[in-house]
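Colleague: Let me see the structure of the following:
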Amino acid sequence: MRLELIPKRQSTRQSDDEDFEPSRSDIESAERASGQFVSQWKHMISSSRRGTRHFDEKIRVPEEEKAGVSFEDVSTSIGVVARHASYFLSRFGGIPCLGFSSGDRPLCSVQSFFGSKKVEESFPKRRNKGDSSKIADAEQSFLKQENHPRMVDLDEGERYLLDGLTRFLAHRIGGYPRGVQLYGEMTAPPRILNRQQLHSSGNVEIWMPGDIKNGLMLVRVTCKSSGLRVHSSRSYFTDWNYFGDPSTPDVEGWLRAGRYIFATDDTGPLDYLSDNAVFLIPSQFNPHTKRF
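Modeller: Numbering: from 1, shown residues only. Model (predicted):
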């Protein structure tokens, strides 16, 4: 017997010429999940001001099981988004966010806002009684710059996060592989197994297309230069994660369905140089960056 992965819409991935659009059902499911996540995010921020909440709690939402897809990476990120937002609110009275022509308004992490890996390394070690010297220096630099990301209040930040999560999760829900098709049995036609059935089906040979593996999709980023180290970020919160290197000028990596932003290590004063675009997985499996 063998198992062949079946994406929701096609048996092979869609090409870049075949634009994927989430269905109304996908969007409604994403809206419910996003509302649940953002409610927890706001509660974390409110509780942190009273000193009664930690940000390392794992968030689970009922909609994840209903949607039948993995929200694990999103669940893990909510506490991170709340921790960084709380820091900015306490220091600057607002939450920084970026703006893209696509309409995405991602909130910023400390590392993406200050453009410094050193600040990010120091940030988790902050104590209420004082900032590290690196963060203090970064804050002073921030106060001197004119073109920093836009600062919004908590309510506006909540709206941007809700919209960004909904957009991201609609692509996650709609573009996620739905199950596998079982071949080699005596019965016909071949059966379609969902995740629960697959988990209990025992040890069988699993065959998957070369561009889809365990719910991850192969993405090939084409850069303008070779030898670059590339980072990716989910589109609702700019928090850079290693994607792959070196670019030749292409570099390959694996991502779950969603909306993503890409960056590279910068050679200038900042540590990250981001591209000014949001790419959709599916169906933009071969993003071409414009800035690096």
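
Colleague: going forward, measure contacts and count neighbours with C-alpha atoms only.
Modeller: OK.

Colleague: tell me the domain ranges of the protein?
Modeller: Per automatic domain parsing, the domain ranges recorded for the chain read 24-175, 212-281.

Colleague: Report the rounded mean pLDDT for the last one.
Modeller: Read that as domain 212-281. Here domain 212-281 scores 90 as its mean pLDDT.

Colleague: Below-threshold pLDDT in the stretch 51-200 of the chain: ranges please.
Modeller: 51-53, 118-148, 177-200 (pLDDT under 70).

Colleague: how about the helices of it, start to end?
Modeller: Listed in chain order, the helices of the stretch 51-200 of the chain (DSSP state H, counting those that start in this stretch) span 62-67, 72-92, 110-114, 117-122, 133-144, 154-175, 195-199.

Colleague: Ser39: which of those is closest?
Modeller: Closest to Ser39 of these, according to CA to CA: helix 154-175, at 9.1 Å.

Colleague: Give the other helices and strands that that closest one contacts.
Modeller: helix 24-49, strand 95-97, strand 107-108, strand 258-265, strand 279-281 (3 or more CA pairs under 8 Å, 6 or more residues apart in numbering; DSSP states H and E).

Colleague: cutoff 7 Å now
Modeller: With contacts taken as 3 or more CA pairs under 7 Å, 6 or more residues apart in numbering; DSSP states H and E, helix 154-175 sits against helix 24-49, strand 258-265.

Colleague: could you check the angle helix 24-49 makes with that helix?
Modeller: 140 degrees (axes from the mean of the first three to the mean of the last three CA atoms, to 10 degrees).

Colleague: What's opposite Thr264 in the beta bridge?
Modeller: In this structure, Thr264 has the following beta-bridge partners (DSSP bridges): Val230, Leu273.

Colleague: For it, which residues are in contact?
Modeller: Neighbouring residues of Thr264 by CA atoms under 7 Å, 6 or more residues apart in numbering: Leu228, Arg229, Val230, His231, Tyr272, Leu273, Ser274.

Colleague: Apply 6 Å and report the result again.
Modeller: Residues near Thr264 by CA atoms under 6 Å, 6 or more residues apart in numbering: Arg229, Val230, His231, Tyr272, Leu273.

Colleague: which residues does the last one contact?
Modeller: In this case it means Leu273. Contact analysis of Leu273 by CA under 6 Å, 6+ apart lists Ala263, Thr264, Asp266.

Colleague: try 8 Å this time
Modeller: Counting by CA atoms under 8 Å, 6 or more residues apart in numbering, Leu273 touches Ala263, Thr264, Asp265, Asp266, Arg291, Phe292.

Colleague: what's the neighbour count on the first one?
Modeller: By other CA atoms under 10 Å, the residues close to Ala263 number 25.

Colleague: I am assuming it contacts Asp275, so please confirm or correct that.
Modeller: Yes. Counting by CA atoms under 8 Å, Ala263 does reach Asp275; the two are 5.8 Å apart.

Colleague: before we move on, the earlier item: out of the helices of the stretch 51-200 of the chain, which comes closest to Phe279?
Modeller: helix 154-175 (10.6 Å).

Colleague: Which positions within the closest one qualify as buried?
Modeller: 154, 157-158, 160-175 (16 or more other CA atoms under 10 Å).

Colleague: ok, now stretch 37-48?
Modeller: Within stretch 37-48, the residues that count as buried by 16+ other CA under 10 Å are Phe37, Val38, Gln40, Trp41, Lys42, Met44, Ile45, Ser48.

Colleague: For the second one, which non-adjacent residue is closest in space?
Modeller: To tie it back to what came earlier, the one meant is Val38. Spatial nearest neighbour of Val38, chain neighbours left out: Leu162 (6.2 Å); criterion: CA to CA, 6 or more residues apart in numbering.
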